[in-house]
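Peer 1: Predicted model, plus sequence, below.
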Amino acid sequence: MKGVGYTNVSGSETVWDVADYVFPSQGDSSFVVMTNFIITEGQKMGKCPELTGKHNCTSDADCVGGSFKRTGHGQTTGVCVNKTQTCEVLAWCPVEDDRNVPNPPLLMSAENYTLFIKNSVTFPLFGVTRSNLVEGIDKNYIGKCLFDPKEEPLCPIFKLGDIVKLSGFSFEKLAQEGGAIGIVVDWTCNFDVDVKHCKPEYNFHGLYGNPSETDDARASVGYNFRYAKYYMEDKIPKRTLLKVFGIRFDVIVKSLARKFDIIPTLTAIGSGVGIFGVATVVCDLVLLYLLPKREFYKNMKFKYTDTQTQQDSESIDLDSNAYKTLEANSRRAQDKDEPNVSAR
């Protein structure tokens with residue numbers, strides 16, 4: 001991440017660099033860039049009144065000592081402060097007032113900050129490892145390129161304003177109260193061709209809501225968190241509290257690789273042939289037992305015969321065969337007797 005910002009809050013000029021506006025430290029796949037903030041300086045532990053609307057009261061009876069309120073800033077002491085008509089609390093004082101968010105955002109210069117993404121992916125099944133710094137991307141190219149989906153789709157350097165714009169949101173609107181953007185690095189590769197054609201594609205989308213939603217339609221608008229800088233003053237511990245509004249960026253990597261192999265192909269063909277056989281059985285079951293016209297299908301599929309008629313015809317055939325056999329035997333016996341009569 002690179003970029004420098006400038007603010008002038010109540011006459012206090014400040015220059016913000018990477019160490020000030022990036023949380024956590026660089027190197028993680030998810031990080032926040034501060035675009036707006038509310039600062040509460042010189043807080044120290046003590047007793048002070050709550051903000052109006054947080055814990056209103058008219059007398060001490062309205063303030064239960066030792067209790068906590070979820071939206072409050074500390075532990076109530078049981079005292080009602082007449083000046084503010086709010087309960088007194090034991091907390092870091094003065095309490096933070098975050099009811100008015102600066103508009104326009106204090107760090108609108110974040111729109112011109114640049115982000116350099118380094119990414120690699122490994123396909124162990126194919127023994128291939130690829131980096132997003134593909135062929136043709138060298139030191140000279142990186143020094144002058146800036147990502148553009150049409151002109152420079154492989155450049156790994158992105159301007160934050162372009163990322164937010166490509167996700168469909170307005171940077172100024174997102175910078176005021178914060179938001180979250182997903183940066184998707186898509187590796188979809190075909191290893192039937194040369195491995196140098198395996199290159200990443202970058203896509204961007206909002207992670208909280210969508211650009212068409214209005215603020216009133218959202219349950220919780222923006223992205224923010226608090227952090228403090230502690231110090232000692234006259235041996236008294238103090239802190240400077242910042243409520244940070246920022247844009248959270250999540251780098252999401254997804255990958256898919258394919259390559260032709262004859263064994264899975266034959267397996268798929270065999271499975272398909274088996275499915276055809278099962279399909280025939282299933283179709284028969286449906287047609288024979290489930291369809292309203294199943295009787296018609298049965299008559300067309302099966303041919304019926306009369307079992308008794310078939311048995312009678314078989315008996316007649318057997319009787320005629322036996323008769324023919326007996327007749328043939330008697331003729332043979334008669335032929336043998338005729339020579340004997342002639343000899344006499």
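Peer 2: Yes, it's here.

Peer 1: What segments of the stretch 51-200 of the chain are strands?
Peer 2: Shown for the stretch 51-200 of the chain, the strands assigned by DSSP state E, counting those that start in this stretch span residues 75-81, 86-93, 114-116, 120-123, 128-131, 157-159, 179-190.

Peer 1: So what's the gap between the second one and the chain middle?
Peer 2: Put plainly, it is strand 86-93. 43 Å (CA atoms, centre = their mean, to the nearest Å).

Peer 1: Which strands and helices lie in contact with it?
Peer 2: strand 30-49, strand 75-81 (3 or more CB pairs under 8 Å, 6 or more residues apart in numbering; DSSP states H and E). (C-beta placed from N, C-alpha, C; glycine too.)

Peer 1: can you check the fourth one too?
Peer 2: In this structure, strand 120-123 packs against strand 128-131, strand 236-258, with contacts taken as 3+ CB pairs under 8 Å, 6+ apart.

Peer 1: Pipe these into a markdown table and attach mean pLDDT per row.
Peer 2: Formatted as a markdown table, the helices and strands packed on strand 120-123 follow (pLDDT from 0 to 100):
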| stretch | mean pLDDT |
| --- | --- |
| strand 128-131 | 92 |
| strand 236-258 | 92 |
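
Peer 1: I'd assumed P200 was in contact with N119.
Peer 2: Yes: contact criterion CB atoms under 8 Å: N119 and P200 qualify, at 7.0 Å.

Peer 1: Spit out the residues that contact those two alike.
Peer 2: Common contact partners of N119 and P200 (CB atoms under 8 Å, 6 or more residues apart in numbering): 132, 185.

Peer 1: quick one, which of those two is more surrounded?
Peer 2: P200 (24 against 17; other CB atoms under 10 Å).

Peer 1: and that one, how far is that from L166?
Peer 2: 15 Å (CB to CB, to the nearest Å).

Peer 1: re the thing from before, got the helices and strands packed on strand 86-93 as a markdown table, with distance to V95, mean pLDDT and mean neighbour count columns?
Peer 2: Below are the helices and strands packed on strand 86-93 laid out as a markdown table (distance: least, CB to CB, whole Å; pLDDT from 0 to 100; neighbours: other CB atoms under 10 Å):
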| stretch | distance to V95 | mean pLDDT | mean neighbour count |
| --- | --- | --- | --- |
| strand 30-49 | 6 | 91 | 19 |
| strand 75-81 | 12 | 90 | 18 |
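
Peer 1: What pLDDT is listed against F126?
Peer 2: Model confidence at F126, given as pLDDT, is 90.

Peer 1: give me every residue that touches it.
Peer 2: 191, 257, 259.

Peer 1: could I get the residues you listed as CSV with neighbour count and distance to N82?
Peer 2: Formatted as CSV, the contacts of F126 follow (neighbours: other CB atoms under 10 Å; distance: CB to CB, whole Å):
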residue, neighbour count, distance to N82
F191, 17, 77
A257, 17, 72
K259, 13, 79
